[in-house]
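> build me a structure from this.
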Amino acid sequence: MRKVVIITGASRGLGREIARTFGQAGWGIAVNYLNSKHDAESVAEDVTASGGDAVVIRADVGDPAQADRLINSAMTHFRRLDVLVNNAGVSRQGLFVRLDENMLDETLRTNLKGPFNTIRAASEVMARQGFGHIINVSSIVGVKGRAGHSAYAASKAALVGLTKASAIELAPHGIQVNCVLPGYMLTEMGTAAAEKTKENALADNLLKKYSIPAEVASFIYNLTYMSSASGQVFNLDSRMI
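Here you go, the predicted model:
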């Protein structure tokens, strides 16, 4: 029987790479998207072509009802759930004193409330199964902070806390919860950032390299086969924390 993974924000960037990596291993993949239907369908086609199985599900994970529907739709299609990867995220930049409240709300809704909603929905399924692995994609900015990224840093720091707290609560049910800090990547989000932000990411990096999405996706895939790790935060680039 195929193993199954739900990937939020799977239509672009790192989410797309994660979906392709699991697809090449023959997994069943729920490709979640919000606005990029064509891109999500393209990812699903890649998964199917590589030997996996895919279903495309639109859902705003910041809405609890839609997060529930995402999990339920995946279960209807695949009849099991092995892994949830909370990858969906947004970055809204602006100095703290000038940050618009709507920008703060949008960032927290996607980056924190979204994972909260999906973890709660997925953990009910995983608890009944007696197994499951949840992987949250956070950021080193949530650990170290960064000027002009207060909303993003706050949301990603809270996601680290959510990872640790939910790992403690869900361990008795056989559910692992871990967090990955993927490093600075030249995905759509990373490329669109200010040049100074890119320069600073390299300046702080011991190897002076950006992270490679395919390598991060491979790490996440391999992490799902580790049976003894939970409540951990894995930093995947060479900026020291």
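> distance check, Ala214 against Gly52.
From Ala214 across to Gly52, the span is 16 Å (Cβ to Cβ, to the nearest Å). For every residue, glycine as well, the C-beta is placed using N, CA and C.
> the two: who's more crowded?
Shown here are Ala214 and Gly52; by other Cβ atoms under 10 Å, Gly52 has more neighbours (22 against 14).
> residues in contact with the more buried one?
By Cβ atoms under 8 Å, 6 or more residues apart in numbering, the contact set of Gly52 is Arg2, Phe22, Gly23, Gln24, Ala25, Gly26, Trp27, Gly28, Ile29.
> the second one: what secondary structure?
On the three-state scheme (DSSP: H, G, I helix; E, B strand; the rest coil), Phe22 is labelled helix.
> find me the pLDDT at it, would you?
At Phe22, the model reports a pLDDT of 98.
> what is the neighbour count of Lys209?
13.
> hmm, I typed the wrong one, I wanted Thr48.
Thr48 has 13 neighbours, counted by other Cβ under 10 Å.
> spatially central residue in this structure, please.
What sits nearest the mean C-alpha location of the chain, by Cα atoms, centre = their mean, is Asn87, with 1.8 Å.
> so that residue sits against Leu14, correct?
Yes. Using Cβ atoms under 8 Å as the test, Asn87 is close enough to Leu14 to be in contact (6.0 Å).
> what touches both of these two?
Counting by Cβ under 8 Å, 6+ apart, the shared contacts of Asn87 and Leu14 are Val137.
> tell me the helix or strand right after the worst-scoring helix or strand of the chain on mean pLDDT.
Each helix and strand of the chain was given a mean pLDDT (mean pLDDT, DSSP states H and E); the minimum falls on helix 188-192 at a mean of 69. On the C-terminal side of helix 188-192, the closest following helix or strand by DSSP states H and E is helix 195-203.
> what packs against that following helix?
Judged by 3 or more Cβ pairs under 8 Å, 6 or more residues apart in numbering; DSSP states H and E, helix 195-203 is in contact with no other helix or strand.
> flag every buried residue along it.
By neighbour count on 16 or more other Cβ atoms under 10 Å, the buried set for helix 195-203 is Thr197, Asn200, Ala201.
> the chain: strands as residue ranges?
Counting by DSSP state E, the chain has strands at residues 4-7, 28-33, 53-58, 83-86, 132-137, 175-181, 233-235.
> got CSV for the ones you listed, with distance to Ala154 too?
Below are the strands of the chain laid out as CSV (distance: least, Cβ to Cβ, whole Å):
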stretch, distance to Ala154
strand 4-7, 24
strand 28-33, 24
strand 53-58, 27
strand 83-86, 17
strand 132-137, 15
strand 175-181, 15
strand 233-235, 16
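> what packs against the longest helix seen in the chain?
Longest helix in the chain, counting residues (DSSP state H): helix 150-170. Contact partners of helix 150-170 among helices and strands, from 3+ Cβ pairs under 8 Å, 6+ apart: helix 101-108, helix 114-129, strand 132-137, helix 141-144, strand 175-181.
> need those in TSV (columns: distance to Ser218 and mean neighbour count).
Listed next are these as TSV, based on distance: least, Cβ to Cβ, whole Å; neighbours: other Cβ atoms under 10 Å:
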stretch	distance to Ser218	mean neighbour count
helix 101-108	28	16
helix 114-129	22	21
strand 132-137	13	24
helix 141-144	22	18
strand 175-181	12	24
